[in-house]
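Got a predicted structure plus its sequence, pasted below:
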Amino acid sequence: MTNPGGAPPPHSQPDFWDLLACPACKARLDRTDTGAVCRGCGTRYDSGPNGQLDLRLKGPATVNLEVVLNGLDSSEIDAAGNVSPFDHHPAPEVDFTGVSLPTRLKTTLLSHFPRARTPGAFMLDLGCGAAIHRQVCELSGFHYVGLDYREKDATLLGDAHALPFADASFEFILSIAVLEHLRYPYLGLREAFRVLKPGGRFIGTVAFMEPLHDASFYHHSHLGLYYGLRQAGFVVTTLGPNADWLALRALAEMTLFPKLPQALSRVLVKPLDLLHRAWWKVGETLIKSKGARESIRLTSTAGSFSFVAEKPAPAQESAA
């Protein structure tokens, strides 16, 4: 079996198989010559196009998703809505100085990356594509596991709605621009919570005012993202708009002027961007409008949001 970048496939690591579970019934998987077989329901999973395990569902699965309706707490909504631009962590755990960064993975987000707490700890790159985040994740001390639904260069094929992993398998989950492509994002978030270890960290980005792209189903506002994470069980530690990727830039580069060099598309919308900023500045300084704060301008025009969330440890859960 092969793996992108020439690294040993995760299948060769003895404890990798301890992570795996049948996506349908969650029973353990046994290794076979051609892939894996479920101990519970007997479903067989073969290798994918690039030799990786194909652990996508083999048939329909019924899932019950319970939602607790307890009214809207206006004070909590106000608190959740009062977000600032996503910024650097003041005390990063990992030094990425001099590292070549993959597309969409900014230094602000990297500053929130955890360092592996235990030797040999695994992390999950959820919706990994061609596994371009492998290097930075391994620099953080983790064994890398990349999962994607159809990308032939992914290290593992699977469905975010039915993750093929046992409970509490990973110390860290990364999800870059993936949640908007899930048909049922609440279910995907619940699955991420399930496979994350208590005390583990969940970091990612999600589209908001980006145009429709690559079968995107749900673009999340900051409130939608916050409550989606909370509903799944996460504690949200940081959430904010990406100040360098606002709606005008996203529209220009993705829809208004497709195939045009990015630098040129930015020049074309620059006059409107300057007028937009000036108008909000007038509202802030002269009209004294509460809604004209810079943080609200960025939140209401964000192309995407970044987030950091954690799965509470048992002591935190009991305290809450």
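All right, it came through fine.

Return the residues in contact with the residue nearest to Leu189 when sequence neighbours are not counted.
Excluding the flanking residues, the one nearest Leu189 by CB to CB, 6 or more residues apart in numbering is Ala232, at 3.9 Å. Using the backbone N, CA and C atoms, a C-beta is placed for each residue, glycine as well. When contacts are counted by CB atoms under 8 Å, 6 or more residues apart in numbering, Ala232 touches 186, 189-190, 192-193.

Swap in 6 Å and give it another go.
Taking CB atoms under 6 Å, 6 or more residues apart in numbering, we find Ala232 in contact with 189-190, 193.

try Leu19
Each residue near Leu19 by CB under 6 Å, 6+ apart is listed here: 165, 169.

any idea how far it lies from Phe165?
Leu19 sits 5 Å away from Phe165, going by CB to CB, to the nearest Å.

returning to that earlier point: who wins for neighbours among the contacts of Ala232?
Within the contacts of Ala232, most neighbours by other CB atoms under 10 Å means Leu189, with 24 neighbours.

does that one count as helix, strand or coil?
Per DSSP: H, G, I helix; E, B strand; the rest coil, the local secondary structure of Leu189 is helix.

Tell me the confidence at the residue nearest to His161 when sequence neighbours are not counted?
Nearest residue to His161 in three dimensions, chain neighbours excluded: Leu187, at 5.0 Å (CB to CB, 6+ apart). With respect to pLDDT, Leu187 scores 97.

could you dump stretch 220-234 to PDB, C-alpha only?
Only the C-alpha atoms of stretch 220-234 are listed here, as PDB (Å, rounded to 0.1, in the frame of the first residue of the first chain):
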ATOM      1  CA  HIS A 220     -22.300  28.900   8.600                       C
ATOM      2  CA  SER A 221     -22.800  32.200  10.300                       C
ATOM      3  CA  HIS A 222     -20.800  32.600  13.500                       C
ATOM      4  CA  LEU A 223     -23.900  31.900  15.600                       C
ATOM      5  CA  GLY A 224     -24.700  28.800  13.500                       C
ATOM      6  CA  LEU A 225     -21.100  27.500  13.900                       C
ATOM      7  CA  TYR A 226     -21.100  28.300  17.700                       C
ATOM      8  CA  TYR A 227     -24.400  26.500  18.400                       C
ATOM      9  CA  GLY A 228     -23.500  23.600  16.100                       C
ATOM     10  CA  LEU A 229     -20.300  23.000  18.100                       C
ATOM     11  CA  ARG A 230     -22.200  23.400  21.400                       C
ATOM     12  CA  GLN A 231     -24.900  21.100  20.300                       C
ATOM     13  CA  ALA A 232     -22.300  18.400  19.600                       C
ATOM     14  CA  GLY A 233     -20.900  18.800  23.100                       C
ATOM     15  CA  PHE A 234     -17.800  21.000  22.400                       C
END
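
ok, now which ones touch Arg56?
By CB under 6 Å, 6+ apart, Arg56 lies in contact with 157-159.

7 Å - rerun?
149, 157-159 (CB atoms under 7 Å, 6 or more residues apart in numbering).

Check Ser100 too.
Applying CB under 7 Å, 6+ apart, we find Ser100 in contact with no residue.

Relative to Phe193, how far out is it?
Applying CB to CB, the value for Ser100 to Phe193 is 32 Å.

Put together JSON lines for the contacts of Ala232, with distance to Thr108 on each row.
Output for the contacts of Ala232, formatted as JSON lines (distance: CB to CB, whole Å):
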{"residue": "Leu189", "distance to Thr108": "22"}
{"residue": "Arg190", "distance to Thr108": "27"}
{"residue": "Phe193", "distance to Thr108": "24"}
